[in-house]
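Asks: for reference, the sequence and a predicted model appear below.
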Amino acid sequence: MSWAEQRQTGMLLDGRSLVILRASANHQGNYSCSLGNDLSQFWFRLTVYTTLSREYEEKTTYSVICYTQETCRLNCPAVNTPDVNTQNITNKGIIWHKKGESLSEEAYYSSVEKSDHGVYTCTRSYLYHGQTYNMTFTVVLDVQPNSSTVVIDCKAVIYSEFDEVFWLSGNSFVETDDSFPVFYNYTRENNGEGINMTASLVFKQVSEDDLSTNYTCKLESASEPSNFVTITLAKKDGKSYDAFLMFYESDTDTGLNEEERERLESVLEEQFGYSVCLFDRDISPGKAEAEAVLDCVDQSRSMVLVPNSLHPCPGGSSLLSAIQTALVESQTYLVFIKTESTGLLKTGFVTRGLAASLRGWRLCHLERQTLHAHLILFLEAAMLLPTRPSEFTKNKAFTSDSYPG
C-alpha cells in the first residue's frame, strides 16, 4: 500500500502493525498478513462498533475493585493502541475525568474512600502529522469495605490476543465474578513489543480451606508451550513485607554499585519470592521521608542494612535514632551487613543497648571483593531466606551472641 493510499484510507502500515487512524464502518472486514517472504498468511476479521452501541460499551468498559483506606491506582487500558515505536506517531499522554471533573494524568488515591467510587473515563491522545487522534475507555471503580483482603498478582508478557493468563484452584478454574469469596481479574497493557498481562487472584477473606488449597497461575499460549506456577498460602505474623531493604552510605569502593543493588533486589523478589519494601518504589507519593522509612520498618519482619556506594541513607543520620526505636517497638529482626569501611558503624547505630532490646539481629562482615557473592549466602544462613518466606515467624529468628566492636 502506497503512502497516498494509506492517507486516503486512514490507515498506516508500520512494520508488523496496522494502525487505523480514525475507524469507521468502511474499515470493517477480513484482513491478512504474512511475515517476510513466508507464503503462509494469517487472517483476522476486524469488527467496528458505533460509539453508541451496547457492544462498544462492553468492549471499552473495565472494572476495578479497591478497598477503603488502601492505595488505589486506576490504569488506563491500552488495548489496540499504537505501538510506542510507531513512526511519526507521538503519544500525548492520558487525561482522566470523573463526572466532568478533570483529574491528574495518573488517577491515584493514597487512601481511597467509598466516595471515590464511580465511573471514570480516560482518553489516550496521539499526534500524527499535526492531527490529534483519541482513544477513550471507561473504568468503573468499585470501592469495597476493607477486610482481610489478599491480592496475589501473576504477571506475564504475551504476544497475541489469543494468549491467556488465568488462575486455577486445585483443578478447577477460579471465577472472574467478584461476588465469589475468591476470584480473579486481569489487565492487559501494550508495552511496545508485547502485552503485559496481570491476573490478580483476590481473597476477600482468607479461610482455613484457602490455606490448604493449591492455587495455580497458568499461561496458555497459541505459539509457545504452556507455563504455570503453583502457590500455597500460609499465615504470617501480621507484617506486610518479609524485609525492608535499606542501603546506607559507605566509601565508593566498598559498597554495592547500582547494578549490584538491582541484582540483589531481583534475587530477593524474583528468585526467592520475597515481598521486599524498597524506599524508592513502595513509598506513597507525598509522604514525608522519615515517616515513610519508619512505616517500612514497622511493616517488615526484617530490616536489612546494606552498604551502598551511590545513595545515602534516606534522612541521613538524623533518622537513625528513630529507626533504632522503631526496630525495638515493632520487633523487627535486623540484619546488618558491613565491609572494611562502613560509615554507619561510626555513628554507633548498633549499640549494646539496642542489641539487647532487639527480637533478633545478626552482623556480617564481608570483604568488598566477595561482597555480592557471599551476601546471598549470608542472608540464607541468617534465616532471611527460608524455604517458604511466608513461614518466617518470630521463633525462626536467632539472636547473635556477639557484639560489633
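Replies: Cool, the structure landed.
Asks: let me know the secondary structure of residue 77.
Replies: Assigned by DSSP: H, G, I helix; E, B strand; the rest coil, the conformation of residue 77 is coil.
Asks: who touches it in this structure?
Replies: When contacts are counted by Cβ atoms under 8 Å, 6 or more residues apart in numbering, residue 77 touches 60, 62, 122, 137, 139, 187-189. Just so you know, the C-beta spots here come from the backbone N, C-alpha and C atoms, and that holds for glycine as well.
Asks: who's in contact with residue 191?
Replies: Residue 191 sits next to 84, 157 when contact means Cβ under 8 Å, 6+ apart.
Asks: ramachandran angles for it?
Replies: phi -110, psi 10 (degrees, to the nearest 10).
Asks: tell me the SS of residue 297?
Replies: helix.
Asks: for the stretch 201-350 of the chain, just list every one of the strands.
Replies: Assigned by DSSP state E, counting those that start in this stretch, the stretch 201-350 of the chain shows strands spanning 215-220, 227-231, 243-249, 276-278, 302-308, 333-338.
Asks: which residues touch the first one?
Replies: This points to strand 215-220. Strand 215-220 is touched from outside by 152, 154, 156, 158, 163-169, 174, 199, 201, 226-233, with contacts defined as Cβ under 8 Å, 6+ apart.
Asks: in PyMOL, how would I select the buried members of those residues?
Replies: If you want just the buried ones from the contacts of strand 215-220 in PyMOL, going by 16 or more other Cβ atoms under 10 Å, the selection is:
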select buried, resi 154+156+158+163+164+165+166+167+168+169+174+199+201+231+233
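Asks: in this protein, which residue is most central in space?
Replies: A centroid search over the chain (Cα atoms, centre = their mean) returns residue 153, at 8.0 Å, as the residue closest to the centre.
Asks: what about the helix or strand encompassing that one, average pLDDT?
Replies: Using DSSP states H and E, the element containing residue 153 is strand 150-158. Average pLDDT, strand 150-158: 88.
Asks: ditto for stretch 168-182
Replies: 91.
Asks: contacting residues for residue 240?
Replies: Neighbours of residue 240 in contact, by Cβ under 8 Å, 6+ apart: 275, 277, 299-300.
Asks: surely the residue nearest to the centre of the chain and residue 200 touch.
Replies: Yes: between residue 153 and residue 200 there is a contact at 5.2 Å, judged by Cβ atoms under 8 Å.
Asks: now do the contacts for residue 129.
Replies: Residue 129 touches residue 88, counting by Cβ under 8 Å, 6+ apart.
Asks: rewinding a little: okay, and which of the contacts of residue 77 map to strands?
Replies: Of the positions in these, 62, 122, 137, 139, 187-189 sit in strands, assigned by DSSP state E.
Asks: among those, which two are most distant?
Replies: Spanning the widest gap among the ones in strands among the contacts of residue 77 are 122 and 188, at 14.6 Å by Cβ to Cβ.
Asks: who has more neighbours, the two?
Replies: residue 122 (21 against 16; other Cβ atoms under 10 Å).
Asks: and residue 179, how many residues sit next to it?
Replies: Neighbours of residue 179 using other Cβ under 10 Å come to 7.
Asks: which phi and psi does it have?
Replies: phi -80, psi -10.
Asks: what's near enough to touch the closest residue to residue 29 other than its chain neighbours?
Replies: Closest residue to residue 29 apart from its sequence neighbours, by Cβ to Cβ, 6 or more residues apart in numbering: residue 46 at 6.3 Å. Residue 46 makes contacts with 27-31, as judged by Cβ under 8 Å, 6+ apart.
Asks: kindly recompute the last result at 7 Å.
Replies: 27-29, 31 (Cβ atoms under 7 Å, 6 or more residues apart in numbering).
Asks: one more: residue 300?
Replies: 239, 241, 243-244, 277, 332.
Asks: let's go with 10 Å and repeat that
Replies: 239-246, 275-277, 330, 332-333 (Cβ atoms under 10 Å, 6 or more residues apart in numbering).
Asks: what's across from the spatially closest residue to residue 305 that is not a sequence neighbour in the sheet?
Replies: Setting aside the residues directly before and after it, residue 305 is nearest to residue 336 in space (Cβ to Cβ, 6+ apart), at 5.0 Å. Residues in a beta bridge with residue 336, per DSSP bridges, are residue 305, residue 363.
Asks: how close does the residue nearest to residue 29 sit to residue 242?
Replies: The spacing between residue 46 and residue 242, counted by Cβ to Cβ, to the nearest Å, is 47 Å.
Asks: again with residue 11
Replies: According to Cβ to Cβ, residue 11 stands 51 Å off from residue 242.
Asks: more neighbours: which of those two?
Replies: Ranked by neighbour count (other Cβ under 10 Å), residue 11 and residue 242 place residue 242 first, with 24 against 16.
Asks: name whatever forms a beta bridge with residue 277.
Replies: In this entry, residue 277 is beta-bridged to residue 244, by DSSP bridges.
Asks: tell me who's in contact with it.
Replies: 239-246, 283, 292-293, 295-297, 299-300, 303.
Asks: and it, what's its pLDDT?
Replies: With respect to pLDDT, residue 277 scores 85.
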